[in-house]
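Visitor: Give me a model of this one.
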Amino acid sequence: MMPNPCSKGTDGFLGNIIGFVLTNFSFGMTRSPIRTLLNRFYLEFKYFCAMFQFDQTYTHWSWERLSRHILYWMAWLSFYVIINSNHQDVGLLNWTLLELTVMCVKLPVTYFTIYYLVQVYLLPKKYLAFIISFFSLAFIGGVIISMMYSHIFNPYIFGLDKYNYWNVKISYKVVDLIYIACVPIVIKMYQRQAQAEKKAAQLIQQKLGAELKVLKNQMHPHFLFNTLNNLYSMVLTQDDKAADVVVRLSNMMSYMLYECEQPLIDLEKEINNLRNYIELEKIRYGNRLDISFETGGDINGKTIPPLLLLPFLENAFKHGVEKTELSSWVRVNLWVSGNELTYMVENSVPSSDLENTVPDVQSGIGLSNIRKRLELLYLDHHELEIRNDETFLAKLKLNFNHEVSHS
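Guide: Presented below is the predicted three-dimensional model:
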């Protein structure tokens, strides 16, 4: 079976093209030698791309890491041999031997720079010390290479006399060493940046997971206590709604304990969880609660992070309905328009809270957590409006096209 071009194992734009060709243009060659060869090439190409994933952190010299360094120096060797052999007719073999000898200077200069000077001076931002050390090292290397040309290459390869190597030609060798070492320096700095971004992304994933656990644990004690208390009363009075309470509570617990472990969940399942929560709260508050829940639009195939919508509903009850013994109301609207989700929860505010200029609901644990979670998941690709005057309103807009950071 050929690899899927959209799979996570496919590396890079060219890898996508190769995978697409193999998947869609096999021309009936299910088990032909050509198809086997193409598949082998595809796998080798993936391995080659894996060698250049700079966000990896190495603790030892693996074959993958060593291969990348060998390729780098082979590229420079080929470049110098081809360029120089076209200008001076001394043969490819002689030029290859010459460049291999010069590599005995270039390699130490380069590796001393990237594994010592960069670590000791450049990364700690001691730029002046790095520049002085780097150029001094390149100058010493340039002098050594000039001496090699004067005493080895000229008399034994080019058939020329020795020359005084203290001349302007040293500057060419110094510049040569500088730009050869600069490429690994740039790669090293890019690698460090990529590793830092990867580490930051991992920290975000861990924080998202922790936020989700907080949301779960936060709901359990308070909500479960009230629901089980209501259930106990119903059982004593042999209320027919007791069985429905057990089913809905079981569905919510199953959803939170098992399905919420996934980074994304079907929007339909999240809506069903909201419905279960509302029905249980309706049983708890009885006739003094007026609540409506309206949905609209096409929700099929839409996904969101789990338990993203429930905290808004929890806050409507905790800071609205629970704070008064009088009649209260809650309005919940959720609709999907194209690739945009709009979710609005509005509830009545107790008269005692109307004079509070900084209501607890805006700084409550639930909404505080959800603000942080939205910022981590959607960055700037969401809108959250919270308004408190005669009523409390929370309105959230999300774009389904935005790639969510998985928790």
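Visitor: Is there a neighbour count for Ser62? I'd like the number.
Guide: Neighbour count of Ser62, defined by other CB atoms under 10 Å: 11. Quick note: C-beta positions are derived from backbone N, CA and C, even for glycine.
Visitor: An error on my part: the question was meant for Tyr232.
Guide: Other residues close to Tyr232 by other CB under 10 Å number 11.
Visitor: Verify the assumption that Met344 is located in a strand.
Guide: Yes. Secondary structure of Met344 (DSSP: H, G, I helix; E, B strand; the rest coil): part of a strand.
Visitor: Pretty sure it sits against Ala394.
Guide: Yes. Met344 lies in contact with Ala394 (CB atoms under 8 Å); the separation is 7.1 Å.
Visitor: Pick out whichever of these two has more residues nearby.
Guide: Between Met344 and Ala394, counting by other CB under 10 Å, Ala394 is the more crowded of the two (23 against 17).
Visitor: Can you spell out which residues form a bridge with that one?
Guide: Counting by DSSP bridges, Ala394 is bridged to Val345, Ile386.
Visitor: where's it relative to Lys198, distance?
Guide: Counting by CB to CB, to the nearest Å, the separation of Ala394 from Lys198 is 34 Å.
Visitor: same deal with Ile132?
Guide: Separation of Ile132 from Lys198 (CB to CB): 33 Å.
Visitor: which of those two has more neighbours?
Guide: Lys198 (15 against 12).
Visitor: counting contacts, what elements does the one helix or strand the more buried one maps to pack onto?
Guide: When elements are assigned from DSSP states H and E, Lys198 belongs to helix 169-236. Helix 169-236 sits against helix 63-87, helix 92-112, helix 127-148, helix 242-257, helix 267-285, helix 310-316, helix 365-378, with contacts defined as 3 or more CB pairs under 8 Å, 6 or more residues apart in numbering; DSSP states H and E.
Visitor: same for the shortest one, what does it pack against?
Guide: Helices and strands touching helix 310-316, by 3+ CB pairs under 8 Å, 6+ apart, are helix 169-236, helix 267-285, strand 328-337, strand 340-348, helix 365-378, strand 391-399.
Visitor: residues near Phe130, how many?
Guide: Neighbourhood size, Phe130 [other CB under 10 Å]: 19.
Visitor: Excluding sequence neighbours, find me the nearest residue to it.
Guide: The shortest distance from Phe130 to any non-neighbouring residue, by CB to CB, 6 or more residues apart in numbering, is to Tyr121 (3.6 Å).
Visitor: Leu137 is in contact with the one you found, correct?
Guide: No. Between Tyr121 and Leu137 there is no contact under CB under 8 Å: 11.4 Å.
Visitor: how far away is the nearest residue to Asp244 once chain neighbours are set aside from Tyr343?
Guide: Spatially, and ignoring its direct neighbours in sequence, Asp244 is nearest to Glu279 (7.6 Å; CB to CB, 6+ apart). Distance from Glu279 to Tyr343, counting by CB to CB: 19 Å.
Visitor: swap in Ile131?
Guide: From Ile131 to Tyr343 the distance is 56 Å (CB to CB).
Visitor: More neighbours: which of the two?
Guide: Tyr343 (24 against 13).
Visitor: Might you report the residue contacts of the more buried one?
Guide: 309, 312, 333-334, 395-398 (CB atoms under 8 Å, 6 or more residues apart in numbering).
Visitor: So it versus Arg275, what's the distance?
Guide: To Arg275, Tyr343 is 14 Å away according to CB to CB.
Visitor: Next: Trp63.
Guide: 56 Å.
Visitor: Three-state assignment for His402, please.
Guide: Secondary structure for His402, judged by three-state DSSP, is coil.
Visitor: The closest residue to it other than its chain neighbours: neighbouring residues, count only.
Guide: In space, and not counting its chain neighbours, His402 is closest to His381: 4.0 Å by CB to CB, 6+ apart. Using other CB under 10 Å, His381 has 14 other residues around it.
Visitor: show me what contacts His381?
Guide: 398-399, 402.
Visitor: Point out where this structure drops to low pLDDT.
Guide: Scanning the chain for pLDDT under 70 picks out 1-59, 87-90, 154-168, 208-209, 211-226, 230, 352-366, 403-407.
Visitor: so what are the domain limits for it?
Guide: Annotated domains of the chain cover 12-50, 63-198, 246-399 [automatic domain parsing].
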